[in-house]
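Undergrad: just need the structure, nothing else, for what follows:
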Amino acid sequence: MRQTLDSVISQTVCPSKWVIVDDGSTDDTPAILAEYASKYSWIDIITRKDRGHRAVGPGVIEAFYDGYEAINPDDYIYLCKLDLDLRLPPRYFEGLIERMEANPRIGTCSGKSYVEEAGRLVSERKGDDTSLGMTKFYRVECFKEIGGFVREVMWDGIDCHRCRMEGWVACSWDDPELRFIHLRPMGSSQQSIYTGRIRNGYGQYFMGTGLPWMLAMTVFRMPEKPYVVGGLLILWGWLKSWFKGLPRYEAPGFREFLRRYHWRALLVGKKKALEEIHRSHGIN
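TA: Modelled structure (predicted):
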């Protein structure tokens, strides 16, 4: 947490306001946050009660909205949902703002996440068609237009597809100045990384992802830790949810839009599929 705090404070463009939500911490978190808030007037702390367990997905967004509701979003041009397990490069926010100012149709964006393994950086392999969930940088206008985040697992995929549906660009860049360190592996869990992979499969099911895309994703994720089995567990999470007939995200037209995009990406590649969507909205 201190690494994240220090890397934000050291940004070339610092936040006008940083609302940090302590989601019921039972360790030294409150004291550490109070220490930083006492030094920087633009840091505010909100403390939630301990719910007694970690709530991945819905719990994350509940905490985010406690912070969001403490501000007037109309007072700001940009908004960032930021986790406290990151180490950001010093020009991170400035670099994102420069790119968004250059293209007013970019609704949400981020850099790319890396983890440190044996003294080297390893990419977490996220696609260019999404802003990463641990550091979603948004144009406030776009965030309001898509209705914000869904309070469920895969909120951080649904929002990017909603952006494209409404004629915005959702993206991320692997430029050196935007690469950040993720201090906790993506898709892990308080129980195990295996549980996290199954949860990812459920999230894909909830979002509305079809089986062809899931099969392709299974193969794509096999080279990642835990090797082979990780990809299979994602598929199992989807299949298990399908067998149970669990509820899915039901926004009008969303699932049809998502599956058309996935089919085009499988046939012609993501880059061309995205270009087709952008052209349909008059975006170059």
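Undergrad: what about the stretch 101-250 of the chain, any weak spots by pLDDT?
TA: Scanning the stretch 101-250 of the chain for pLDDT under 70 picks out the ranges 185-191.
Undergrad: which residues of it fall in helices?
TA: Shown for the stretch 101-250 of the chain, the helices assigned by DSSP state H, counting those that start in this stretch span residues 140-145, 155-165, 193-207, 211-221, 229-244.
Undergrad: let's have the ones you listed in CSV, adding distance to residue 254 and mean neighbour count.
TA: In short, each C-beta sits where N, CA and C put it, glycine included. CSV is the format used below for these (distance: least, CB to CB, whole Å; neighbours: other CB atoms under 10 Å):
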stretch, distance to residue 254, mean neighbour count
helix 140-145, 14, 17
helix 155-165, 7, 23
helix 193-207, 9, 21
helix 211-221, 15, 15
helix 229-244, 17, 18
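Undergrad: nearest to residue 69, of those?
TA: Closest to residue 69 of the helices of the stretch 101-250 of the chain, according to CB to CB: helix 140-145, at 13.5 Å.
Undergrad: can you give the distance of the closest one from its chain's centre?
TA: Its chain's C-alpha centre and that of helix 140-145 lie 16 Å apart, by CA atoms, centre = their mean, to the nearest Å.
Undergrad: please apply the same query to stretch 140-154.
TA: Distance, stretch centre to chain centre, for stretch 140-154: 11 Å (CA atoms, centre = their mean).
Undergrad: who touches that stretch?
TA: Stretch 140-154 has contacts (CB atoms under 8 Å, 6 or more residues apart in numbering) with 56-58, 61-62, 64-65, 68, 73-74, 76-79, 81, 107-108, 155-156, 158-159, 162-163, 166, 168, 199-200, 202-204, 206-207, 249.
Undergrad: quick check: end-to-end length of it?
TA: Start to finish, the residues bounding stretch 140-154 are 21 Å apart (CA to CA, to the nearest Å).
Undergrad: in stretch 174-184, which of the residues would be classed as buried?
TA: Of the residues in stretch 174-184, 178, 179, 180, 181, 182, 183 count as buried by neighbour count, 16 or more other CB atoms under 10 Å.
Undergrad: can you tell me which of those residues are in strands?
TA: Of the positions in the buried residues of stretch 174-184, 180, 181, 182 sit in strands, assigned by DSSP state E.
Undergrad: what sits against the last one?
TA: I take that to be residue 182. Residues in contact with residue 182 (CB under 8 Å, 6+ apart) are 85, 86, 113, 114, 115, 124, 134.
Undergrad: again, but for residue 24
TA: Contacts of residue 24 (CB under 8 Å, 6+ apart): 47, 48, 49, 50, 51.
Undergrad: over to residue 26?
TA: Contacts of residue 26 (CB under 8 Å, 6+ apart): residue 50.
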